[in-house]
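**Q** Turn this into a model:
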Amino acid sequence: MAIGSTLRFSGLLALALLGPGLPASPAAAGEMVFIDCYPEAEDDDGDGYAKKNTPATEMKVPEEQKLSCPDDWVAKAGDCDDSLDFVHPNAPEIAFNLRDDNCQGGMDEPQLVYLTNGNQNTKTGFSIRVKAGHWALTAQGSSLAYRIEYADLAASALPLYTPYRLLGALPSDSIFDAPLAGLAPARVYHAKVHFYKATATTVVILGRPSRRTTYTSLGISTDWYFSTTDGEGDLEEARSDLVLDGFYELSESDRGRVGYRGTAKRDGTRYGASAKERWCSEFYVWLARSRFWQIAYASNVPGIVSWFSLYREYHPHFPFTTELAEVAERADYVAVDEDRDGDADHSTMFLAYDLTTGKVWTLEGNKGNYVRVKERVPDLEIRGLGHLTDVALALSF
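**A** A predicted model of the protein is given here:
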């Protein structure tokens, strides 16, 4: 038998032996939990979001239905225009309509465009695609400029800035790419594009004319854009794939296409969960199985922990100091104690350990029934780390 076939057979045998013994889900069937709900009568436009400032009512529901409120109630509030069903806190911002579609307090703010495989990602950089749908940006014509604020998530409190760049008149679709270079390989970054008006003037210095450009802030910026640089080798390529796929799903959630009231797939149904079912573990498994197919046999926290334990790569109760920085890498698995009762009950993807804040950056499914990037407090919330390895990757071929 070939070496590859032997590895594959060994992995399947281990999973077969493991399968019947997977621990049960941490929540017992029929267990009742409390969730916040809002009267449906306060949701005039029927978009699933009650009016802004509607007080929550705590309701008791079966744990397996904790993503959904009872009849005559909705699970979210904060709607800033309850007469329009396309305006709510998780709506996509529509360009040039002079309206705050997503209830974030702005109007026609620039939108980030994510692609499924990233955007020109290399070992030392990537590009940020922006749709700049604001009249104030269009009005600048050839004077429109920008610069990028960015940081490695391992040092998020130490932002860097690119030089000012003259963008010139926006293209007809208002979409452009802002490149970011000079980055470290195999790292996760966030970046934000700020817009300016460029004004060229001529001054005389020692009798000689000199041309200068000043940049005046327009007070318009994008949200944070998340991406990663490539690494070296098959395992690093797999890690990049998982992280970039995860950030695309983050954008799908931000656009209201998945998660709560998703227009394409509601709750976690895209990731294999049932409607109303918690889907944090399904989200991580859905991302990881594209390169580590055997993890598809897991569907909850204990199952994922068992899968990593097969390779002796699950590390419980980390001190989360130098050991974490030495072991944890992007796309690894982090088990979280969401309710802080001492037991892991939430699955997340590791992005970075932030040495400047002492927190862990994670990408999470089912955080409030959305995909979200979070900063976690290690000592209070994190219960273990599952580390992806070359061995696990080899068994997946």
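
**Q** what helices or strands is the helix ranked longest in the chain leaning on?
**A** The longest helix of the chain (DSSP state H) is helix 234-254. Here helix 234-254 touches strand 225-228, strand 258-259, helix 280-288, strand 346-354, strand 359-364, strand 372-376, helix 390-394, going by 3 or more Cβ pairs under 8 Å, 6 or more residues apart in numbering; DSSP states H and E. Using the backbone N, CA and C atoms, a C-beta is placed for each residue, glycine as well.

**Q** list the helices and strands the fifth one packs on?
**A** I take that to be strand 359-364. Strand 359-364 packs on helix 234-254, strand 333-336, strand 346-354, strand 372-376, going by 3+ Cβ pairs under 8 Å, 6+ apart.

**Q** change it to 7 Å
**A** For strand 359-364, the packing partners by 3 or more Cβ pairs under 7 Å, 6 or more residues apart in numbering; DSSP states H and E come out as strand 346-354, strand 372-376.

**Q** for the first one, same thing?
**A** Counting contacts by 3+ Cβ pairs under 7 Å, 6+ apart, strand 225-228 is packed against strand 188-205, helix 234-254.

**Q** Let's test this: mean pLDDT of the shortest one, rounded?
**A** Same thing as strand 188-205. Strand 188-205 carries an average pLDDT of 90.

**Q** right, so of the helices and strands packed on strand 359-364, which gets closest to Ala184?
**A** Of all those, strand 346-354 sits nearest to Ala184, with 11.4 Å by Cβ to Cβ.

**Q** elements contacting that closest one?
**A** Under the contact rule (3+ Cβ pairs under 7 Å, 6+ apart), strand 346-354 is packed against helix 280-288, strand 333-336, strand 359-364.

**Q** Quick one: the ones you listed as a markdown table, columns for mean pLDDT, distance to Thr348 and mean neighbour count too.
**A** Output for the helices and strands packed on strand 346-354, formatted as a markdown table (pLDDT from 0 to 100; distance: least, Cβ to Cβ, whole Å; neighbours: other Cβ atoms under 10 Å):
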| stretch | mean pLDDT | distance to Thr348 | mean neighbour count |
| --- | --- | --- | --- |
| helix 280-288 | 97 | 7 | 26 |
| strand 333-336 | 95 | 5 | 26 |
| strand 359-364 | 96 | 4 | 24 |
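
**Q** quick one: low-confidence ranges for the stretch 101-250 of the chain?
**A** 204 (pLDDT under 70).

**Q** ok, now the stretch 251-397 of the chain?
**A** Along the stretch 251-397 of the chain, the parts satisfying pLDDT under 70 run over 318-322, 396-397.

**Q** For this structure, which segments are assigned as helices?
**A** All helices of the chain, identified by DSSP H, fall at 3-18, 135-138, 234-254, 280-288, 301-310, 322-327, 378-381, 390-394.

**Q** contacting residues for the closest residue to Leu144 other than its chain neighbours?
**A** Of all residues not flanking Leu144 in the chain, Leu167 sits nearest, at 4.8 Å (Cβ to Cβ, 6 or more residues apart in numbering). By Cβ atoms under 7 Å, 6 or more residues apart in numbering, Leu167 lies in contact with Leu144, Ala145, Tyr146, Phe176.

**Q** swap in Arg340?
**A** Arg340 neighbours (Cβ under 7 Å, 6+ apart): Leu380, Glu381.

**Q** if we can go back for a sec, most widely separated two among the contacts of Leu167?
**A** Spanning the widest gap among the contacts of Leu167 are Ala145 and Phe176, at 12.0 Å by Cβ to Cβ.

**Q** just checking, Asn366 touches Glu282?
**A** No: using Cβ atoms under 7 Å, Asn366 makes no contact with Glu282, being 8.3 Å away.

**Q** and the contacts of Leu167 as JSON lines, adding distance to Ala50?
**A** Listed next are the contacts of Leu167 as JSON lines, based on distance: Cβ to Cβ, whole Å:
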{"residue": "Leu144", "distance to Ala50": "39"}
{"residue": "Ala145", "distance to Ala50": "41"}
{"residue": "Tyr146", "distance to Ala50": "37"}
{"residue": "Phe176", "distance to Ala50": "37"}
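
**Q** I'd say Arg383 and Glu338 touch.
**A** No: judged on Cβ under 7 Å, Arg383 makes no contact with Glu338 at a distance of 10.2 Å.

**Q** one step back: can I get the helices and strands packed on strand 346-354 in a markdown table including distance to Pro378?
**A** Output for the helices and strands packed on strand 346-354, formatted as a markdown table (distance: least, Cβ to Cβ, whole Å):
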| stretch | distance to Pro378 |
| --- | --- |
| helix 280-288 | 18 |
| strand 333-336 | 10 |
| strand 359-364 | 6 |
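
**Q** Indicate which one of those is closest to Thr57.
**A** Taking Cβ to Cβ, helix 280-288 is the member of the helices and strands packed on strand 346-354 nearest to Thr57, at 25.0 Å.

**Q** winner for burial among the helices and strands packed on strand 225-228?
**A** Sort these by mean neighbour count, taking mean count of other Cβ atoms under 10 Å, and helix 234-254 sits at the top with a mean of 21.

**Q** Can you give the contact residues for that one?
**A** By Cβ under 7 Å, 6+ apart, the residues outside helix 234-254 that reach it are 112, 114, 116-118, 121, 186, 188, 226-228, 230-231, 258-259, 287-288, 290-291, 329-331, 349, 363, 370-371, 373, 388, 390, 393.

**Q** quick one, what contacts Trp279?
**A** Applying Cβ under 7 Å, 6+ apart, the residues near Trp279 are Asp267, Gly268, Tyr271, Ala273, Gly365, Asn366.

**Q** Nearest residue to Ala186 in space, please, no chain neighbours.
**A** The nearest residue in space to Ala186 (Cβ to Cβ, 6+ apart) is Gly231, at 3.3 Å.

**Q** Pretty sure that neighbour sits against Pro185.
**A** Yes: with contact defined as Cβ under 7 Å, Gly231 reaches Pro185; the gap is 5.4 Å.

**Q** Neighbour count for those two, which is higher?
**A** Neighbour count, other Cβ atoms under 10 Å: between Gly231 and Pro185, Gly231 has more, with 19 against 14.
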